[in-house]
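# Sequence first, then the predicted structure:
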Amino acid sequence: MIKINEDRCIECLTCLSVCPFTVLEDVDGRPQLAPGKTCLKCMHCGAICPTEAITFDEKPSILSDELPVPGNDFSKDLKNHILTRRSYRHFNEEPVPRGIIQDALELASWAPSAKNQHPTKWIVIESRELMDQIMELILKYTKETGISPEIASELEAGNNVVMGTAPTLLLAYARDNAISPETDTAIAMTTVELYLQARGVGTCWAGYLKRMANAIPEIRALLPELPENNSFYGAFMIGYPEDEKYLHIPERLKRADIRWA
């Protein structure tokens, strides 16, 4: 529960102005919790408080880190980073340190999420034996059902469209009854991808893997148990790219379709 330290509060009421659901109210010039309101735990109030007067469950509502200040050319750097981001499917055998992956997944906790639910959770697969087992199940499924036969034909040609040559796979799952599990997971994964690629780690969205993990119960059985009513909403290939040095920004034949009203 939010608590306001009355000794620190200077009654500026800026916390009221940023609360998304008027959980705080003005009572005689001081912020107080409004009765019957549910806090989203977004900590906007703590982030804007100039005197650090707000705690949540008796713990600080803000990090102790100094507020980072982007450089003057940050918008240009960000644009360049997005333009040079590529989807990599061919990787060398060097494993990505767990610390880098951990940092990326932690950073996703600051991504936007509907009602601040952050329903997305992660399974990181590093075992080559487990990857081989998953591929065997997928090939068996495609043969028996006729679904996505290109997976088998591409593999025969030496091209694994499910997981490339990635040394690490990432599966993202979430509660099906969350407000917006698919969108929340996509935003979280985009945040993860931008950070990983900024660290020199290649990624590729693994749509086949996500779909097959949902469709084949035996794949779920190989993985850490998912809670009931949870599904996979995204997947990544992760690794250090092979010698792929892209020299140009590719054209996009589909550009933004914008209408102003």
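Received, thanks.
# wait, what's in contact with the residue nearest the centre of the chain?
Closest residue to the average C-alpha location of the chain: Ala188 at 2.0 Å, with Cα atoms, centre = their mean. By Cβ atoms under 8 Å, 6 or more residues apart in numbering, the contact list for Ala188 reads Ala108, Ala111, Ser113, His118, Thr120, Ala172. The C-beta positions use only the backbone N, C-alpha and C, and glycine is treated the same way.
# Measure how buried the second one is and give me the count.
Think Ala111. 17 (other Cβ atoms under 10 Å).
# if I read this right, it contacts Ile187, doesn't it?
Yes - using Cβ atoms under 8 Å, Ala111 is in contact with Ile187, at 4.9 Å.
# and Ala108, helix, strand or coil?
helix (DSSP: H, G, I helix; E, B strand; the rest coil).
# who touches it in this structure?
With Cβ under 8 Å, 6+ apart, Ala108 has these contacts: Thr120, Ala188, Met189, Thr191, Val192.
# Next, count neighbours for the fourth one.
Read it as Thr191. Thr191, neighbours per other Cβ under 10 Å, totals 18.
# so how far is Gly46 from Lys3?
11 Å (Cβ to Cβ, to the nearest Å).
# Now the common contact residues for those two.
Joint contacts of Lys3 and Gly46 (Cβ under 8 Å, 6+ apart) are Ile54, Thr55, Phe56.
# Take the residues you listed and lay them out in CSV including secondary structure.
Putting these into CSV (three-state DSSP) gives the following:
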residue, secondary structure
Ile54, strand
Thr55, strand
Phe56, strand
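# top of those residues by neighbour count?
So for the shared contacts of Lys3 and Gly46 (other Cβ under 10 Å), the most neighbours sit at Ile54, 24 neighbours.
# Leaving out the residues flanking it, which one is nearest to that one?
Excluding the flanking residues, the one nearest Ile54 by Cβ to Cβ, 6 or more residues apart in numbering is Gly46, at 4.3 Å.
# Can you verify the one you found is assigned to a helix?
Yes - with three-state DSSP as the criterion, Gly46 is part of a helix.
# Check whether it really touches Ser61, as I assumed.
Yes - if you go by Cβ under 8 Å, Gly46 and Ser61 touch, sitting 2.9 Å apart.
# Next, show the common contact partners of these two.
Ile54, Thr55.
# So what touches stretch 215-224?
123, 125, 130, 133-134, 137-138, 141, 147, 171, 212-213, 226.
# can you give me the helices in this structure?
14-18, 44-48, 74-84, 98-107, 128-145, 150-156, 181-198, 207-215, 217-222 (DSSP state H).
# Nearest to Pro35, out of these?
Comparison of the helices of the chain against Pro35 by Cβ to Cβ identifies helix 14-18 as nearest, at 15.2 Å.
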